[in-house]
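*Asks:* A structural model of the following input is requested.
(one chain, ligands or ions: 1)
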Amino acid sequence: MTTGIRGGPQGAAVTFENVTKDYGQVRAVDELSLDIAQGRTVAFLGPNGAGKSTSIDMLLGLRRPTSGTVRVFGKPPHDAITAGHVGAMLQSGGLLSDVTVRELVTLMSRLHPRPLPVDDVLERANITEIAERKADKLSGGQTQRVRFAIAIAGDSDLIVLDEPTTGMDVENRQIFWAAMKTQAERGKTILFATHYLEEADQIADQVVVINKGRLLANGTAADIKAQAGFQKISFRLPGVTRDRLLMLPNVVSLEVINERVLIQTSDSDKTFYSILDAGYRPEEIEITALGLEQAFVAITQQDNGADAPEARAEDAR
Ligand SMILES: Nc1ncnc2c1ncn2[C@@H]1O[C@H](COP(=O)(O)OP(=O)(O)OP(=O)(O)O)[C@@H](O)[C@H]1O
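*Replies:* Below you'll find the model as predicted:
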């Protein structure tokens, strides 16, 4: 099931239409259909091997779909890139050797028809201080910042970032996302793959979850949390036993740590009223929705469970 988000194919920055990508026997992307409206900041989430990089490579024209169509601003990816509409920061690949950071950024920005001034790019990416250093002699975090500079140098309408903050320390991560926010405020469409769910929760206004190449969820972070459908109840209840609480309705998981009870439930109202009906009077009560990370884990585990042999046998009964 997917939850929708306002904005459709009209004015879409990116469209995947029934896209499948096979590497020999491996199906990396499986009938993916997705629209990303212009001006959105979109987080692309999925466990390792879910098909994020393959999808990004297809929208950058680096790989061809086995079937289906990818469009970028209504054009084949290659045409959109040639027209300078796309800036990208990929996960791998070294930087050129024997050139300085400034020379590299200058070189890459000249590939675009309407580049930003190089000094602006260096400043926005927080690399002015290392501009005269050799590009192949940088730390992991510095290399990421140079890659980011290359992604924004062309002042492109779509910025695609594959795990951009990997290797960055906390301070550089904050500088990086502040720079991305400025890009978003200037109307750019930003698509980023990440394993940092907190970043996705804070920054993205659309979250796309894929697993095994299939689209599992698409909406705001709040939509995704609602789709996971679980809440957490936590309270203090001296002397209670785990076995008694397990009898409560809608309980998905339960922990008792030092008299504090932590319940994950699919219906917090029903579970909580049953606690009161059973005569318990808990204290220090907290009822909260799942965070994006927990929702993501719940959604992907449900999907993995649906594919497990026992679940299929269950379905068949
Ligand atoms: N060049 C390739 N040849 C064969 N199989 C590949 C190739 N590239 C990726 N795959 C496989 O395709 C699937 C999707 O991989 P992909 O790199 O797109 O996932 P991902 O979501 O980006 O993963 P990660 O989070 O680990 O970077 C995986 O099963 C992977 O092993």
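*Asks:* Which part of the stretch 201-317 of the chain gets nearest to the ligand, residue-wise?
*Replies:* Evaluated by CB to the nearest ligand atom, the stretch 201-317 of the chain has residue 213 as its residue closest to the ligand, separated by 6.8 Å. Using the backbone N, CA and C atoms, a C-beta is placed for each residue, glycine as well.
*Asks:* That residue reaches residue 29, doesn't it?
*Replies:* Yes - here residue 213 lies in contact with residue 29, judged by CB atoms under 8 Å, at a distance of 4.2 Å.
*Asks:* returning to that earlier point: what's the neighbour count on the residue of the stretch 201-317 of the chain closest to the ligand?
*Replies:* Per other CB atoms under 10 Å, the neighbour tally for residue 213 reads 23.
*Asks:* Contacts only, for it.
*Replies:* Going by CB atoms under 8 Å, 6 or more residues apart in numbering, residue 213 touches 20-21, 27-30, 32, 50-51, 54.
*Asks:* Just the helices from the stretch 101-250 of the chain, written as ranges.
*Replies:* Along the stretch 101-250 of the chain, counting by DSSP state H, counting those that start in this stretch, helices occupy 101-109, 118-124, 140-153, 170-185, 197-203, 221-228, 242-246.
*Asks:* Kindly report the residues of the stretch 51-200 of the chain close to the ligand.
*Replies:* Contacts of the stretch 51-200 of the chain with the ligand, taken as CB under 6 Å from any ligand atom, map to 51-54.
*Asks:* Show only the entries of the residues you listed found in strands.
*Replies:* Cross-referencing those against strands under DSSP state E gives no overlap.
*Asks:* out of these, which one sits closest to residue 178?
*Replies:* residue 52 (23.9 Å; CB to CB).
*Asks:* Common neighbours of residue 213 and residue 29, please.
*Replies:* Common neighbours of residue 213 and residue 29 (CB under 8 Å, 6+ apart) are 20-21, 51, 54.
*Asks:* Now render those as CSV, adding pLDDT and neighbour count.
*Replies:* Shown next, in CSV, are the shared contacts of residue 213 and residue 29 (pLDDT from 0 to 100; neighbours: other CB atoms under 10 Å):
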residue, pLDDT, neighbour count
20, 98, 15
21, 98, 23
51, 95, 24
54, 95, 21
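*Asks:* will you turn those residues into TSV that also has distance to residue 157?
*Replies:* Listed next are the shared contacts of residue 213 and residue 29 as TSV, based on distance: CB to CB, whole Å:
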residue	distance to residue 157
20	27
21	25
51	24
54	23
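*Asks:* Nearest to the ligand among those residues?
*Replies:* For the shared contacts of residue 213 and residue 29, the nearest to the ligand is residue 54 (3.3 Å; CB to the nearest ligand atom).
*Asks:* was I right about the closest one contacting residue 27?
*Replies:* No - with contacts counted by CB under 8 Å, residue 54 stays clear of residue 27, the gap being 10.0 Å.
*Asks:* Identify the contacts common to those two.
*Replies:* Shared contacts of residue 54 and residue 27 (CB under 8 Å, 6+ apart): 21, 213.
*Asks:* for residue 14, helix, strand, or coil?
*Replies:* Following DSSP: H, G, I helix; E, B strand; the rest coil, we place residue 14 in the strand state.
*Asks:* quick check: domain ranges of the protein?
*Replies:* 12-226, 230-289 (automatic domain parsing).
*Asks:* how far out from the middle of the chain is the shortest one?
*Replies:* By that I understand domain 230-289. Its chain's C-alpha centre and that of domain 230-289 lie 32 Å apart, by CA atoms, centre = their mean, to the nearest Å.
*Asks:* The nearest residue to residue 22 once chain neighbours are set aside and residue 16, how far apart?
*Replies:* Distance criterion CB to CB, 6 or more residues apart in numbering; nearest residue to residue 22, sequence neighbours excluded, is residue 66 at 4.7 Å. Shown here: residue 66 relative to residue 16, a distance of 13 Å by CB to CB, to the nearest Å.
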